[in-house]
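Novice: Below: sequence and its predicted model.
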Amino acid sequence: MRNIEITSNEEAVLKKELESKKDAYSERMKRYLSMPDLSRTLGSPIKETVDRILANPYFKDLDIIKIPEIVPADISFDLFDFPADHPARSKSDTYYVNDKNILRTHTTVMWYYYLENEEVKKRIAENKPVGAFCFGKVYRKDEVDRKHMNVFHQIDGWYLAPKSLKTIGQKDLEEALGNIAKAVFGPDVKYRLNKDTFPYTDPSLEMEVNINDNWVEVVGCGVVKGSVLEKLGVDSTNYTGWAFGFGLERLAIVSMDLPDIRLLWSEDERIKKQLKLDQKFMEVSKYPPIVRDISFVVKNDFIPNDYFDLTRETAPGLVEEVELLDKYENTEKFGEGKISYAFRVTYRSLDRTLTGAEIDKVHKKLEEETTKVFGGVIR
């Protein structure tokens, strides 16, 4: 394995510009970018998952590439055959640093950067196979619950070979997925493969593993589309390849039967010492939740995913879930272009008991921020 690190002057400029901005949206992105990369943090089960995959002899010839976290939107979406109306392109799902650049939504974008490497170009010119892993933080606006965060970790792998060596097909996908399952869950893991659909691979498969008699989807994989290879400057009449990508948190949560994704970020030593793959997590203490509802009227261009971000930022580490209770329009009651939302916010700390008085203050702050940031009228 070779280690390749790609730096971007454009990313450096954009980060510097971001540092000078003080609006809530920019402050939010700065905080996300500053969060630790758990796939490179010693002691984290996220890193342990990566290490197990990299150590599998099946993947010994793949390079490791580290890429920018701020990337051009067209490289992320256009080069990978995302349709023009794909939800990932919208500002309700993706963090746009400006009109042309985003916080990366997937590590699959490494394909572009990998093929720009001079040594890789040379190997392709010599008709040799190439391939790489890329892993790290990715960013997607998302709902708030115990299994989802808007900042999480992903790993991608791909392998391209000239047809003079072999033509890659479904059998190769099955081998790659099987080796991932065995690397993470052990040689006796039970898994099954189902057909799936991704914008940049065809055919595509998803893998489920059997954990405690439950089938859990963990990995997606496929044969790289010829149209995508051509856009990346690779002759699809000569090269074929497989690729996979998945969220690392999902595998870690399944392996440890982890009840809350926030635990992966905990600094509590009682929790950290338990975060080991294959070791069932035992609750340190089940602190009680406190529930508060909030309802407000806003313009009908309101984006709930942006509101979920606000709840996280208003009460860092305390919001377990945000549930939509009600949503309706009534022109006569609220006015033209207005809409009413009602949410239930579940507050729960991972390391202490919250008090009602404390949460009343936090929730009051959420109401104030709802008015300030979204122009909401509290009901």
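Specialist: Thanks, I have it. Numbers count the residues shown, from 1 in each chain.
Novice: Dig out what the nearest residue to Asn194 once chain neighbours are set aside forms beta bridges with.
Specialist: Leaving aside its sequence neighbours, Asn194 sits nearest to Glu206 (Cβ to Cβ, 6 or more residues apart in numbering; 5.5 Å). Just so you know, the C-beta spots here come from the backbone N, C-alpha and C atoms, and that holds for glycine as well. With beta bridges defined as DSSP bridges, Glu206 has these partners: Asn194, Gly220.
Novice: And Glu206, how far from Gly376?
Specialist: Counting by Cβ to Cβ, to the nearest Å, the separation of Glu206 from Gly376 is 39 Å.
Novice: Touching, the residue nearest to Asn194 and Thr197? I think so.
Specialist: No. Under the criterion of Cβ atoms under 8 Å, Glu206 lies out of contact with Thr197, with a separation of 9.3 Å.
Novice: Looking at those two, which has the bigger crowd around it?
Specialist: Neighbour count, other Cβ atoms under 10 Å: between Glu206 and Thr197, Glu206 has more, with 20 against 11.
Novice: For the more buried one, list the residues it contacts.
Specialist: With contacts taken as Cβ atoms under 8 Å, 6 or more residues apart in numbering, Glu206 has the following neighbours: 193-196, 217, 219-221.
Novice: Pull up the gap between it and Phe308, please.
Specialist: The gap separating Glu206 from Phe308 is 26 Å, by Cβ to Cβ.
Novice: same check, this time on Glu119
Specialist: 42 Å.
Novice: The two: who's more crowded?
Specialist: Neighbour comparison, Glu119 and Phe308: the larger count goes to Phe308, with 22 against 11 (by other Cβ under 10 Å).
Novice: For that one, which non-adjacent residue is closest in space?
Specialist: In space, Phe308 comes closest to Val144 once its chain neighbours are excluded; the distance is 4.7 Å by Cβ to Cβ, 6+ apart.
Novice: what does Phe334 give?
Specialist: Leaving out its chain neighbours, the residue that sits closest to Phe334 by Cβ to Cβ, 6+ apart is Val297, at 5.0 Å.
Novice: Next, the one you found: phi, psi?
Specialist: Phi and psi for Val297, reported as degrees, to the nearest 10, are phi -110, psi 130.
Novice: how about it, what does it touch?
Specialist: Shown in contact with Val297 (Cβ under 8 Å, 6+ apart): 334, 338-341, 376-377, 379.
Novice: was I right about Trp242 contacting Ala176?
Specialist: Yes. If you go by Cβ under 8 Å, Trp242 and Ala176 touch, sitting 5.6 Å apart.
Novice: Overlap of the contact sets of these two?
Specialist: Taking Cβ under 8 Å, 6+ apart as the criterion, Trp242 and Ala176 both touch 159, 221.
Novice: Show me what the lengthiest helix in the chain packs onto, helices and strands only.
Specialist: Across the chain, the helix with the greatest residue count (assigned by DSSP state H) is helix 356-374. The criterion is 3 or more Cβ pairs under 8 Å, 6 or more residues apart in numbering; DSSP states H and E, and the helices and strands that helix 356-374 contacts are strand 290-299, helix 304-314, strand 338-347, strand 377-378.
Novice: Show me which residues of that helix are buried.
Specialist: Residues of helix 356-374 classed as buried by neighbour count (16 or more other Cβ atoms under 10 Å): 359, 362-363, 366, 369-370, 373-374.
Novice: So what touches stretch 66-79?
Specialist: Contacts with stretch 66-79, where a contact means Cβ under 8 Å, 6+ apart, come from 3-8, 10-11, 14-15, 33, 82, 86, 88-89, 94, 96-97, 100-107, 109-113, 134, 136-137, 139, 228, 231-232.
Novice: Let's see which of those end up in strands.
Specialist: Per DSSP state E, strands hold the following members of the contacts of stretch 66-79: 3-5, 101-103, 134, 136-137, 139.
Novice: May I see these organised as CSV, with pLDDT added?
Specialist: Written out in CSV, the entries for those read as follows (pLDDT from 0 to 100):
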residue, pLDDT
Asn3, 94
Ile4, 96
Glu5, 95
Asn101, 96
Ile102, 96
Leu103, 97
Cys134, 97
Gly136, 97
Lys137, 98
Tyr139, 96
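Novice: For those, give me a markdown table that also has neighbour count and distance to Arg312.
Specialist: Below are the ones in strands among the contacts of stretch 66-79 laid out as a markdown table (neighbours: other Cβ atoms under 10 Å; distance: Cβ to Cβ, whole Å):
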| residue | neighbour count | distance to Arg312 |
| --- | --- | --- |
| Asn3 | 8 | 33 |
| Ile4 | 18 | 34 |
| Glu5 | 9 | 30 |
| Asn101 | 22 | 23 |
| Ile102 | 25 | 19 |
| Leu103 | 22 | 15 |
| Cys134 | 25 | 26 |
| Gly136 | 21 | 20 |
| Lys137 | 21 | 16 |
| Tyr139 | 22 | 13 |
